[in-house]
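# turn this into a model:
(2 chains, ligands or ions: 2)
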2 protein chains.
Amino acid sequence: MKRSRPIQIDWQPDKKSQLPVYRQIVQYVCDKVANGEWAIGSRLPSQRALAESFAVNRSTISTAIDELTSYGIISGEHGAGTQIVSNTWSLMLPTSLSWKKYISSGYLQENNKRMQQINRLEFAPDIIRLGTGELDPRLFPQQMWAKTLQKLSTEITSLGYAEPLGIPELRQAIARHMKKLGVDVSTKNILITSGALQALQLIASCMLEEGSTVFTEAPTYLKSLQMFQSAGLNLNGIPMDHDGLKYWEIEKQLKKSDSAILYTIPTNQNPTGITMSNLRRQELMDFCIKNRLPIIEDGAYQELCFDDEAAIPLKAIDDNGMVMYLGSASKSLAPGLRIGWVIASEPVIQRLGDAKMQMDYGASSLSQLVFAEFLNSGMYEKYLTELKVELKKRRDNALVTLDKYFKDIATWNVPVGGFYIWLTFNDEVEIDGLFEKAIDQGILLNPGDVYDFKHNRSLRLSFAYVDCGEFTSAMMMLNEILKS
Amino acid sequence: MKRSRPIQIDWQPDKKSQLPVYRQIVQYVCDKVANGEWAIGSRLPSQRALAESFAVNRSTISTAIDELTSYGIISGEHGAGTQIVSNTWSLMLPTSLSWKKYISSGYLQENNKRMQQINRLEFAPDIIRLGTGELDPRLFPQQMWAKTLQKLSTEITSLGYAEPLGIPELRQAIARHMKKLGVDVSTKNILITSGALQALQLIASCMLEEGSTVFTEAPTYLKSLQMFQSAGLNLNGIPMDHDGLKYWEIEKQLKKSDSAILYTIPTNQNPTGITMSNLRRQELMDFCIKNRLPIIEDGAYQELCFDDEAAIPLKAIDDNGMVMYLGSASKSLAPGLRIGWVIASEPVIQRLGDAKMQMDYGASSLSQLVFAEFLNSGMYEKYLTELKVELKKRRDNALVTLDKYFKDIATWNVPVGGFYIWLTFNDEVEIDGLFEKAIDQGILLNPGDVYDFKHNRSLRLSFAYVDCGEFTSAMMMLNEILKS
Ligand SMILES: Cc1ncc(COP(=O)(O)O)c(C=O)c1O
Ligand SMILES: Cc1ncc(COP(=O)(O)O)c(C=O)c1O
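Numbering: from 1, shown residues only, chains lettered A, B, ... in the order given. Ligands and ions are numbered 1, 2, ... in the order given. Here you go, the predicted model:
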């Protein structure tokens, strides 16, 4: 066993916390051991020195030491002071998550911390969430749910393990639904997943070789980046213009030897709100065929085009089976359902289905049945129509507000659907400071940086979570902050 | 590009299949390419030779070739006959599932085929499923479901992304529930998963280093074996006796240098039905502490002890945080809910929770709310009491039946709960032949081999899926087959 460096203590317990001080110390030591900073064999300072470092009294240290000893984390048996010992924890908490091994961009890693902060603040009471990528809970179609659950309450007579690809009724309903979006496929081309994120996870873990390159829009959906990184894939962000991904920028980066794939959100993109023009879509398809570059098309916001003709899925013009399409009920309906789907060629669906069975044995049958009933009853379509009217109203209000207060200092796009407006300041703005000051005023922002491969001076605004009044007043406050 | 071996055709389409012959050929070629047998650059035989090999006419071959060409799998452009070409598929279907890379036991791999056959036959009409590890759908507590869904139909007013560890109500309900089983923990020690299988997946992929050893009972739950193999772990099967795992057999195999973990199903084990005695449990704990061997305790059948005192979870006597306990609603209630849970120390739960968020962003909130309501209303406990009475009746009937027809040719255990009786023939029996003949009589068997590390002459019988009459008549038929 190699000699290890002496342990450094750089932290003190929070005496105002609800957690007893000795528990905080135990937690601190566990974390240090868990994350590998304190190696097995390291010696702890004496109890007196510990008491001093932590600024607590000896009895607290001794309680903490007892607890840590009982965990098997430390031991004093060796007659050489207290040591971190080989123990079950060292196995159970290896130095790092294996899927964090391959971080190809330290920049994204950093952003994670900001994102964690945002996730925490989302649960703060009375905060105005100006960037949240979720529908306003006040738009929840309660009646549709009530009707459906009541119907199912008498119809469900068993809930066994379901078929690998998902419940047939739902796959049929999705086939019909996708047809309306221009995608004509059979149920054999459809796999139900526990959300679109899981679909990405399945693709990343069973279809892409480690070290492959994933081209994505820059900026893009944050969790997709984390997912791809975890799977040991190399990310390559490609810029966009008004018409969407500048696919020609990919060509320079394509190394013939590498396997590569394109991940794109062509419709109502997260976070920019950009929708790829239909001309660009056709050009992109031609480019991908020419370069044998398969496509993951993330259609999470596909159903939220205010004008139905606005955007035809790439999958609808895919004659070569190049495209795997991902759908989701999360953005148009409710993330808590955890229902998504993949549309792809049969062997691909079979393989992903096998993988899905190994992961979790299929998505909740209950969720599947509920969503099938929404689709089959026609209620979903009706709901969607109304939802889009409401979202459009909110978008229009957002644009009027921006025009009024931000015209001189920023630019933005006009989204044709979805949730997002991407606001970019003309001049460099200290976004971190803005974020903190906004928090003080009860406004939670999503800085554009979080989603990007490099620094930007943008904000992801969402008109989906807050209503018109909230949006306007938050933007007015933001304007005040910027002025000061 | 390396020159590749000429293609060999060792298969002919099934002309009686519902699938058109040309589709079967397309599928066959896709599979060969997908599994890497036919490398990129390989040349296909001439159409005439293909027609001969597949025993079909030329026009069928030509249809198949057209389809394969349109997929981009093959190409005839190179003036050198038809070739397997570099294409998107070669990326999308790499030579093997990456998680199948590390198969440490060819024996298990083989068994997979039998298992696939069993899975298919389970959907055959009128088949008596004598080994199925699921509750009889006729025992589905329809009233409890109806009541709960009706209640929730008015109570659910939004379903956003849920908290990483799962919905608090459910975690509280599970904490109370586990207390009744002797396990006293707080909600911070509980993570909700999409079934126990996903919990295993999470543990395998983020807590165990590749190459670690997993000790399991031999035989054991099949999907756990596949899961561990996929994660690149080495399996080591340990025999059992009447009192459960012979833990002392582990000692010889423990290499001090390797990290290792024990996966055990101490209560109503799958597939043997064995329940570890309470004395053995204590000894096992002592052994694991001494050897710093952490434990995954699979409690999928824990709630199905006919006598509540029968078996105390290892987690209940775990003073050292050695045990991660897995619970599930699948065996006692309904697999289609996809609800399971992990109980472990806080940092472990935090880490698994992070992993879960990357995998699928949490379990279905709808399923979580339903199960919470079952638990909180007290309906679940009442249902469980009745269920156990019924299962016990079925077990008793099974034992009487076995005594009557199999006493002279086989031995079996008396399970104190769960689903399974493990029947072992005294003399070598040609189990494959028995399986096929049973199928002819409309009986589906689960040969014990499937679950084991080596050949055995056992059957996993389940008294949970079939009722008393069905069990008895199936066993009588089996007896007839054996006599002949
Ligand atoms: C582009 C995109 N894809 C997928 C998802 C996740 O969808 P799901 O909830 O179906 O996993 C999101 C959620 O933010 C998203 O923005
Ligand atoms: C021992 C054991 N654990 C876990 C499972 C799977 O449970 P779940 O449906 O919760 O994933 C099974 C199902 O057969 C099982 O037998």
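
# where does chain A dip in pLDDT?
A:1-6, A:34-37, A:39-40, A:71-72, A:77-80, A:85-111, A:256-257, A:320 (pLDDT under 70).

# and the longest helix for it?
Determined from DSSP state H, the single longest helix within chain A is helix A:379-405.

# what packs against the helix or strand just after that one?
Downstream of helix A:379-405, the next assigned helix or strand under DSSP states H and E is strand A:410-412. Secondary-structure packing of strand A:410-412 (3 or more Cβ pairs under 8 Å, 6 or more residues apart in numbering or on different chains; DSSP states H and E): strand A:420-425. The C-beta positions use only the backbone N, C-alpha and C, and glycine is treated the same way.

# can you give me how far the strand it packs on is from the chain middle?
19 Å (Cα atoms, centre = their mean, to the nearest Å).

# okay, buried residues for it please.
Going by neighbour count (16 or more other Cβ atoms under 10 Å in any protein chain shown), the buried part of strand A:420-425 is A:420-423, A:425.

# could you check how far the residue in the stretch 51-200 of chain A that ligand 1 sits nearest to is from residue A:321?
Closest to ligand 1 within the stretch 51-200 of chain A is residue A:195: 2.8 Å, counting by Cβ to the nearest ligand atom. Note on residue A:195: its distance to residue A:321, by Cβ to Cβ, to the nearest Å, is 24 Å.

# compare those two (neighbour count), which wins?
residue A:195 (28 against 22; other Cβ atoms under 10 Å in any protein chain shown).

# distance check, that one against residue A:170.
From residue A:195 to residue A:170 the distance is 14 Å (Cβ to Cβ).

# and residue A:388, by the same measure?
Taken as Cβ to Cβ, the span from residue A:388 to residue A:170 is 23 Å.

# what's the answer for residue A:430, then?
Using Cβ to Cβ, residue A:430 is found at 49 Å from residue A:170.

# please say which of these two ends up with more neighbours.
Comparing residue A:430 with residue A:170 by other Cβ under 10 Å, the one with more neighbours is residue A:170, at 29 against 10.

# which residues touch the more buried one?
Counting by Cβ atoms under 8 Å, 6 or more residues apart in numbering or on different chains, residue A:170 touches A:192, A:368-369, A:371-372, A:375.

# out of those residues, which touch ligand 2?
Applying Cβ under 6 Å from any ligand atom, the subset of those adjacent to ligand 2 is empty.

# just the closest of these to residue B:45, please.
residue A:192 (39.4 Å; Cβ to Cβ).

# double-check that that closest one belongs to a strand.
Yes: secondary structure assignment places residue A:192 in a strand (DSSP: H, G, I helix; E, B strand; the rest coil).

# my guess is it contacts residue A:164, does it?
No: under the criterion of Cβ atoms under 8 Å, residue A:192 makes no contact with residue A:164, lying 9.7 Å away.

# tally of neighbours for residue A:9?
With other Cβ under 10 Å as criterion, residue A:9 counts 16.

# and the buried residues of strand A:420-425 as TSV, adding distance to residue A:457?
Listed next are these as TSV, based on distance: Cβ to Cβ, whole Å:
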residue	distance to residue A:457
A:420	17
A:421	15
A:422	11
A:423	9
A:425	5
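
# hang on, the earlier thing: higher neighbour count, residue A:192 and residue A:164?
residue A:192 (30 against 18).

# list the contacts for that one?
By Cβ under 8 Å, 6+ apart, the residues touching residue A:192 are A:165-167, A:170-171, A:174, A:339-341, A:362-363, A:368.

# mind doing that once more with 10 Å?
The contact partners of residue A:192, taken as Cβ atoms under 10 Å, 6 or more residues apart in numbering or on different chains, are A:162-167, A:170-171, A:174, A:198-199, A:327, A:339-342, A:353, A:356, A:362-365, A:367-368, A:371-372.

# so what sits opposite it in the bridge?
Beta-bridge partners recorded for residue A:192 (DSSP bridges): residue A:341.

# and it, how far from residue A:163?
Counting by Cβ to Cβ, the gap from residue A:192 to residue A:163 is 9 Å.

# overlap in contacts of the two?
Common neighbours of residue A:192 and residue A:163 (Cβ under 10 Å, 6+ apart) are A:171, A:353, A:362, A:365.

# thought the second one was touching residue A:191?
Think residue A:353. Yes: between residue A:353 and residue A:191 there is a contact under Cβ atoms under 10 Å: 5.3 Å.

# neighbour-wise, which of those two wins?
Between residue A:353 and residue A:191, counting by other Cβ under 10 Å, residue A:191 is the more crowded of the two (29 against 19).

# element containing the spatially most central residue of chain A?
Geometric centre of chain A, nearest residue: residue A:223, 3.1 Å, by Cα atoms, centre = their mean. Per DSSP H and E: residue A:223 is located in helix A:222-230.

# could you point out which element follows that helix?
Counting by DSSP H and E, what follows helix A:222-230 is strand A:234-238.

# CA atoms of that next one as CSV?
Extracted in CSV, the C-alpha atoms of strand A:234-238 (Å, rounded to 0.1, in the frame of the first residue of the first chain):
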residue,chain,number,x,y,z
ASN,A,234,-16.5,13.1,-28.0
LEU,A,235,-18.7,16.2,-28.4
ASN,A,236,-18.4,18.6,-31.2
GLY,A,237,-20.6,21.7,-31.1
ILE,A,238,-21.7,23.2,-34.5
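
# what's the distance between whichever helix or strand comes after that strand and the middle of its chain?
Following strand A:234-238 in sequence order, the next helix or strand is strand A:240-241 (DSSP H and E). Strand A:240-241 has its C-alpha centroid displaced from the chain centroid by 22 Å (Cα atoms, centre = their mean).

# what sits against the closest residue to chain B within the stretch 201-350 of chain A?
Per Cβ to the nearest Cβ, residue A:336 is where the stretch 201-350 of chain A lies closest to chain B, at 3.1 Å. Counting by Cβ under 10 Å, 6+ apart, residue A:336 touches A:195, A:329-330, A:367, B:156, B:158-162, B:167, B:361-369.

# residue A:149 too?
Shown in contact with residue A:149 (Cβ under 10 Å, 6+ apart): A:366, A:370, A:373, B:148-156, B:366, B:370.

# ok, of the contacts of residue A:192, which come out buried?
For the contacts of residue A:192, buried by 16+ other Cβ under 10 Å: A:162, A:164-167, A:170-171, A:174, A:198-199, A:327, A:339-342, A:353, A:356, A:362-365, A:367-368, A:371-372.
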